[in-house]
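[1] kindly return the folded structure for what I paste below:
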Amino acid sequence: MSPTPEDLTIIKDDMIAFVEGHGMRRFHGYVDYDEVQCVMWETGTNPDGWKDFVELAKTASAPFLTMHSWKLEREELDELVQRLTHSEFSDGDDVEDARWLRAHVGKVGFLQLGWAYQGSMFLCEVSTDWYERYQRLLEMSEDFGGIPIDESDQDDEG
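    Numbering: from 1, shown residues only. This is a model prediction of the structure:
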């Protein structure tokens, strides 16, 4: 059995309670590690490793933690399926993988906690296996195109 559940909603609720229980505040925001210097927390095989991360933030006197959660929305998934269906570079297996993800609509698949310290962001991320699959398909669909989203606007300008 995987230590990470298929829906991270309960872990998200636990994170909120744990952070607030330590007298810390939450700043709702996503930290993009391509934009700022980051250090990633490794939880290893401990599914509750994020608690050690929060306790370290408290010890470092972090006044707050950033917190972000991502839930799979039907519209996002439908758009991904459409792009993969119309892409020259994806195959039927990719489309089927994307359709398989419909079982996870409405579920939280990704959580990120972070705190700043001496010019770096320290991040702890928890994700499901299906979220990783979704991200792979999303990156593939963006890399290889599919249906250009603003194609009609470009024709109108010319």
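[2] how much space between residue 65 and residue 91?
    From residue 65 across to residue 91, the span is 41 Å (C-beta to C-beta, to the nearest Å). All C-beta atoms are positioned from the backbone trio N, CA, C, and that covers glycine.
[3] oops, could you answer that again for residue 15 instead?
    For residue 15 relative to residue 91 (C-beta to C-beta), the value is 38 Å.
[4] ok, now residue 26?
    42 Å.
[5] which of these two has more residues huddled nearby?
    The neighbour count for residue 26 versus residue 91, taken as other C-beta atoms under 10 Å, is higher for residue 26 (15 against 10).
[6] list the contacts for that one?
    With contact set as C-beta atoms under 8 Å, 6 or more residues apart in numbering, residue 26 has these partners: 16, 19, 20, 64, 65, 66, 67.
[7] which among those residues end up buried?
    Among these, those buried by neighbour count (16 or more other C-beta atoms under 10 Å) are 19, 65, 66, 67.
[8] what's across from the second one in the sheet?
    What it means is residue 65. Beta bridges link residue 65 to residue 26, judged by DSSP bridges.
[9] mind checking the SS state of the residue nearest the centre of the chain?
    Centroid check for the chain by C-alpha atoms, centre = their mean gives residue 110 as the closest residue, at 3.8 Å. Under the three-state scheme (DSSP: H, G, I helix; E, B strand; the rest coil), residue 110 adopts strand.
[10] hang on, isn't it packed against residue 125?
    Yes: in this structure residue 110 lies within contact range of residue 125 using C-beta atoms under 8 Å: 7.1 Å.
[11] and residue 50, what's its pLDDT?
    pLDDT for residue 50: 97.
[12] returning to what we had before: out of the contacts of residue 26, which comes closest to residue 142?
    Nearest to residue 142 among these, counting by C-beta to C-beta, is residue 66 at 24.8 Å.
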